[in-house]
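Trainee: Pasted the sequence and its predicted model underneath.
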Amino acid sequence: MNLQLNDKVAIVTGASRGIGRSIAKILAAEGMRLVVVSRSQQQLEEVRESSRVETLVVATDLRDPDAPATVVAAAIARFGQIDLLVNNAGATKRGDFLTLPDADWMDGFALKFFGAMRLSRVVWPFLKKSQGSIVNIVGIGGRTGSEEFTIGGSVNSALLNLTKSLADRGVRDGIRVNAINPGSILTERLQTRIESYASQHGIDESTAPALMAQSFGVSRFGDPEEIAQMVAFLASPIAGFCQGSIIDIDGGQTRTL
């Protein structure tokens, strides 16, 4: 299927590893030129070197309020246009609500929510010009509360609401804004949890993923490329009637409406 993305320009945050790295790979395969963003210069350079399209590396910390403007300015200076923003950066700390300090809450919102909000605000005029789109990578914790995921769930819920709000504005400005809620995806972060699960239950690490997935009520964990393929679809004109859509990709883990 031709997604009609060739020569368009995408900013992908959190692109150095995991889901973000897969998103960059898939968008490059569709012919999009890339602006890859994270704190790790070295890992971003690896992404650039493996890409077959023109790729701009911007190593910065999006928790810095000035960083989003720097990213967008660099993208415009290099490519002269922006057609897609993928807000993927951000991790939040799990733990007991009663012992999580304010600093962890502030840090959780600083990158995933405020980084995405500021970047969306700065890039908006350029997306309006290109009639482009935003895809927010959020997470199912924003729809279903969990006692050990109070920070992440709160951040994700806020980002889902922001998605709907920007989509409402986007109808007027010709910008499509959608979100994806990944479930448990096989990234380095999940691998750490799998190792902990194996240790806690006294089982071999080779059998732990299947057993842990079953405990979540799913048949398996997801692959980062499964998220990336949906990003490419939502970015394409083929998904032109998707506006404010929130898509769960979680193997059926979310059972609520």
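Mentor: Perfect, I can see it now.

Trainee: Excluding chain neighbours, what is closest to Ala69?
Mentor: Val122 (5.2 Å; CB to CB, 6 or more residues apart in numbering). For every residue, glycine as well, the C-beta is placed using N, CA and C.

Trainee: Tell me which residues touch the one you found, please.
Mentor: By CB atoms under 8 Å, 6 or more residues apart in numbering, Val122 lies in contact with 68-69, 71-72.

Trainee: repeat that with 7 Å
Mentor: Residues in contact with Val122 (CB atoms under 7 Å, 6 or more residues apart in numbering) are 68-69, 72.

Trainee: Going through those residues, which ones are buried?
Mentor: Neighbour-count burial (16 or more other CB atoms under 10 Å) is assigned, among those, to 68, 72.

Trainee: Filter the contacts of Val122 down to just the ones in helices.
Mentor: When DSSP state H is applied, those are split such that 68-69, 72 fall in helices.

Trainee: Show me what Leu84 is bridged to.
Mentor: Ala10, Ser133 (DSSP bridges).

Trainee: isn't it right next to Ser236, touching?
Mentor: No: with contacts defined as CB atoms under 7 Å, Leu84 does not count as touching Ser236, sitting 9.5 Å away.

Trainee: out of those two, which sits in the more crowded spot?
Mentor: Leu84 (27 against 19; other CB atoms under 10 Å).

Trainee: and Gly14, what is it in contact with?
Mentor: 20, 38, 88-90.

Trainee: Can you give me the distance of it to Arg21?
Mentor: 9 Å (CB to CB, to the nearest Å).

Trainee: Arg176 too?
Mentor: As judged by CB to CB, Arg176 and Arg21 stand 24 Å apart.

Trainee: coming back round to it: now the contacts of Val122 as JSON lines including distance to Phe216 and pLDDT?
Mentor: Shown next, in JSON lines, are the contacts of Val122 (distance: CB to CB, whole Å; pLDDT from 0 to 100):
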{"residue": "Pro68", "distance to Phe216": "34", "pLDDT": "98"}
{"residue": "Ala69", "distance to Phe216": "39", "pLDDT": "98"}
{"residue": "Val72", "distance to Phe216": "38", "pLDDT": "98"}
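
Trainee: Count the neighbours of Gly240 for me.
Mentor: Around Gly240 there are 9 residues (other CB under 10 Å).

Trainee: quick one: it from Ala69, how far?
Mentor: When CB to CB is the yardstick, Gly240 and Ala69 sit 29 Å from each other.

Trainee: and if you look at Gly31?
Mentor: According to CB to CB, Gly31 stands 27 Å off from Ala69.

Trainee: Out of the ones in helices among the contacts of Val122, the closest to Gly142 would be?
Mentor: Taking CB to CB as the measure, Pro68 is the one of those closest to Gly142, at 21.6 Å.

Trainee: residues touching that closest one, list them.
Mentor: Shown in contact with Pro68 (CB under 7 Å, 6+ apart): 62, 115, 118-119, 122.

Trainee: ok, of those residues, which one's closest to Asp107?
Mentor: Here the nearest of the contacts of Pro68 to Asp107, counting by CB to CB, is Gly115; it sits at 11.2 Å.

Trainee: Reduced to three states, what does the closest one come out as?
Mentor: helix (DSSP: H, G, I helix; E, B strand; the rest coil).

Trainee: Near the nearest residue to Ala110 once chain neighbours are set aside, how many residues? Count them for me, please.
Mentor: Distances taken as CB to CB, 6+ apart put Arg63 closest to Ala110, at 4.2 Å, once the chain neighbours are dropped. Residues lying near Arg63 (other CB under 10 Å) number 18.

Trainee: that's a helix at Arg63, yeah?
Mentor: No: assessed with three-state DSSP, Arg63 is coil; it does not lie in a helix.
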